[in-house]
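> No letters, just coordinates:
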Ligand SMILES: Nc1nc2c(ncn2[C@@H]2O[C@H](COP(=O)(O)OP(=O)(O)OP(=O)(O)O)[C@@H](O)[C@H]2O)c(=O)[nH]1
């Protein structure tokens, strides 16, 4: 082979190698850029609460103005005392448990446990957390706001257009009654004021929707100690809605606020649920009280509060087992858990966790739980994954109970206070 052929071959090999190298670098960069964009660049708009979660001690003797206002419009539902199955309200374990279990015990279920914590984590202050939640509600915003504002901003509306407005509200889960009401209000306001532009439509819709969300309701979380005893919060709801995750996130908020917390794992149906809660506890440095698998949840709740009082923590958070609202025995059991805890201390909050992605069924769940225990606040989870944020309107209206917190993701800090203005802004974009 001549020298010139050898030089030619070497040049070709060198060119191929350089081309491969350049392609590799470009691909790696692209991948990195798309990852960064996904995780760090917030989309414009989105849910932006203006402050952190408001924590207060309960003041049972002095209800707030807002609570009184809510009570005035909401008839109190009497509890079905006659249907209770236990007679003495005392906790029992195993065969001694007085409430029959009418549900098949859940078998082995695959659950993702939070990453095992070897030491207590540093928790970022809540202020920065709100900024990071920007854009989390974007799915709801896209579906709801864009079409509604487009319709209303288009000038004079004929009957077909009003039908479209109505459909948009219904699809967003506002429910038939509220939709009719809101459309009637919008129609009369538009007739009175005249709406020419999308900006005018936005201002009008914002006012009407914020008003429908009861902006004066007291949404502070009664999670601070009072009368020398810890605040006690009970977290309830059907299976898989996010009770344990919310309890863990809430513990983080409290600890970040300088509070001491004890967790009660009153989900005795699944050992994995108690493990999951205990891991959250370890991550924030909180003790977790748990009982034997299959034991009496009321007993665990009782022991948790007793331990919380003895150790002088600020807040006891009790995570209960997921229970189908259609199973009477399990719902009775929930009433018992609350009554037993009340032998030790006041239950300051009963937080009903609802999964926003379940739409109308969330409303049915809310009704049944409210018949069993006095719900004091709603936590609406998974709002990051639904275009149906409208369930908020209906649940509040039906129960007369405020949505206090929203879950906006699976992350440990994806919990935000519910603010009607911020919520509507996020919906409308
Ligand atoms: N996207 C999203 N996922 C959430 C949110 N809250 C909880 N989850 C997820 O929902 C799933 C169920 O959450 P859990 O906390 O185990 O629910 P649970 O109600 O305690 O479940 P059971 O104990 O089986 O009744 C988990 O994968 C959570 O990460 C949220 O706000 N957004």
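Perfect, I can see it now. All values derive from a computational prediction rather than experimental measurement.
> Doesn't residue 354 belong to a strand?
Yes. Under DSSP: H, G, I helix; E, B strand; the rest coil, residue 354 falls within a strand.
> And the nearest residue to residue 374 once chain neighbours are set aside, which helix or strand is it part of?
Nearest non-adjacent residue to residue 374, counting by CB to CB, 6 or more residues apart in numbering: residue 350, 6.1 Å away. The C-beta positions use only the backbone N, C-alpha and C, and glycine is treated the same way. In the assignment (DSSP states H and E), residue 350 maps to strand 349-355.
> Buried residues, the next helix or strand after that strand. List them.
From strand 349-355 onward toward the C-terminus, using DSSP H and E, the following helix or strand is helix 361-372. By 16 or more other CB atoms under 10 Å, the buried positions in helix 361-372 come out as 362-363, 365-366, 368-372.
> Determine whether any part of helix 361-372 lies close to the ligand.
No. Against the ligand, helix 361-372 shows no contacts by CB under 6 Å from any ligand atom, the least distance being 11.7 Å.
> Just want the angle from that helix to strand 349-355.
160 degrees (axes from the mean of the first three to the mean of the last three CA atoms, to 10 degrees).
> Following helix 361-372 in sequence, what is the next regular element?
That would be, after helix 361-372 and using DSSP H and E, strand 377-381.
> who does that next one touch, helix- and strand-wise?
Helices and strands touching strand 377-381, by 3 or more CB pairs under 8 Å, 6 or more residues apart in numbering; DSSP states H and E, are helix 243-256, strand 349-355, helix 391-399, strand 403-407.
> partner strands of it, parallel or antiparallel?
strand 349-355 (parallel), strand 403-407 (parallel) (DSSP bridges).
> So which residues on the chain come close to the ligand?
237, 239-245, 267, 273, 322, 381-382, 384-385, 407-410, 414.
> Show me which of the residues you listed are buried.
Applying 16+ other CB under 10 Å to the residues of the chain next to the ligand, the neighbour count classes 237, 241-245, 267, 273, 322, 381-382, 384-385, 407-409, 414 as buried.
> tell me the SS of residue 401?
Per three-state DSSP, residue 401 ends up coil.
> isn't it right next to residue 375, touching?
Yes. With contact defined as CB atoms under 8 Å, residue 401 and residue 375 form a contacting pair (5.1 Å).
> Give me the common contacts of those two.
Residues within reach of residue 401 and of residue 375 at once, by CB atoms under 8 Å, 6 or more residues apart in numbering, are residue 352.
> Same drill for the two, tell me which one is more crowded.
In terms of neighbours (other CB atoms under 10 Å), residue 401 is the more surrounded of residue 401 and residue 375; the figures are 23 against 20.
> Let me see the ranges of the strands in the stretch 201-350 of the chain.
Residue ranges of the strands in the stretch 201-350 of the chain, as given by DSSP state E, counting those that start in this stretch, are 221-224, 231-236, 261-266, 287-290, 315-320, 349-355.
> Show me where the stretch 201-350 of the chain dips below the pLDDT cut-off.
323-328 (pLDDT under 70).
> Show me the helices in it, by range?
Applying DSSP state H, counting those that start in this stretch to the stretch 201-350 of the chain gives helices spanning 243-256, 271-284, 297-311, 328-341.
> Most tightly packed of those helices?
Mean neighbour count, computed with mean count of other CB atoms under 10 Å, is highest for helix 243-256 among the helices of the stretch 201-350 of the chain, reaching a mean of 24.
> For it, enumerate the helices and strands it packs against.
Checking 3+ CB pairs under 8 Å, 6+ apart, helix 243-256 ends up next to strand 231-236, strand 261-266, helix 271-284, strand 315-320, strand 349-355, strand 377-381, strand 403-407, strand 415-417.
> what do you get if the cut-off is 6 Å, keeping everything else the same?
Secondary-structure packing of helix 243-256 (3 or more CB pairs under 6 Å, 6 or more residues apart in numbering; DSSP states H and E): helix 271-284, strand 315-320.
> which residues are in contact with that helix?
If you take CB atoms under 6 Å, 6 or more residues apart in numbering as the criterion, helix 243-256 is touched by 53, 123, 126, 235, 237, 261, 276-277, 280, 284, 286, 315, 317, 319, 353, 379, 415.
> Which pLDDT does the model give residue 413?
pLDDT recorded at residue 413 is 86.
> do residue 30 as well
37.
> just residue 380 next, same as before
91.
> Could you report the neighbour count for it?
If you count neighbours by other CB under 10 Å, residue 380 ends up with 27.
> Can you name the residues bridging to it?
residue 354, residue 406.
> That one against residue 403, yeah?
Yes. Contact criterion CB atoms under 6 Å: residue 380 and residue 403 qualify, at 5.4 Å.
> Overlap of the contact sets of the two?
Residues touching both residue 380 and residue 403 (CB under 6 Å, 6+ apart): residue 392.
> quick one on the thing from earlier: export the strands of the stretch 201-350 of the chain as JSON lines, with columns for distance to residue 309 and mean neighbour count.
Shown next, in JSON lines, are the strands of the stretch 201-350 of the chain (distance: least, CB to CB, whole Å; neighbours: other CB atoms under 10 Å):
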{"stretch": "strand 221-224", "distance to residue 309": "15", "mean neighbour count": "24"}
{"stretch": "strand 231-236", "distance to residue 309": "9", "mean neighbour count": "26"}
{"stretch": "strand 261-266", "distance to residue 309": "10", "mean neighbour count": "30"}
{"stretch": "strand 287-290", "distance to residue 309": "12", "mean neighbour count": "21"}
{"stretch": "strand 315-320", "distance to residue 309": "8", "mean neighbour count": "31"}
{"stretch": "strand 349-355", "distance to residue 309": "17", "mean neighbour count": "25"}
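> will you turn the ones you listed into TSV that also has distance to residue 6?
Formatted as TSV, the strands of the stretch 201-350 of the chain follow (distance: least, CB to CB, whole Å):
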stretch	distance to residue 6
strand 221-224	79
strand 231-236	77
strand 261-266	75
strand 287-290	74
strand 315-320	75
strand 349-355	70
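> Name the surrounding residues that touch stretch 8-22.
Counting by CB under 6 Å, 6+ apart, stretch 8-22 has no neighbours from elsewhere in the structure.
> Quick one: mean pLDDT over that stretch.
What stretch 8-22 shows for mean pLDDT is 76.
> could we number from 15 for the rest of this?
New numbering, starting at 15: the last item is stretch 22-36.
> can you tell me how far the residue nearest to residue 388 sits from residue 66?
Noted for residue 364: a distance of 22 Å to residue 66, by CB to CB, to the nearest Å.
> by contact count, what packs against the helix or strand encompassing residue 198?
Element membership for residue 198, per DSSP H and E: helix 190-207. In terms of contacts (3+ CB pairs under 6 Å, 6+ apart), helix 190-207 is packed against helix 173-185, helix 212-226.
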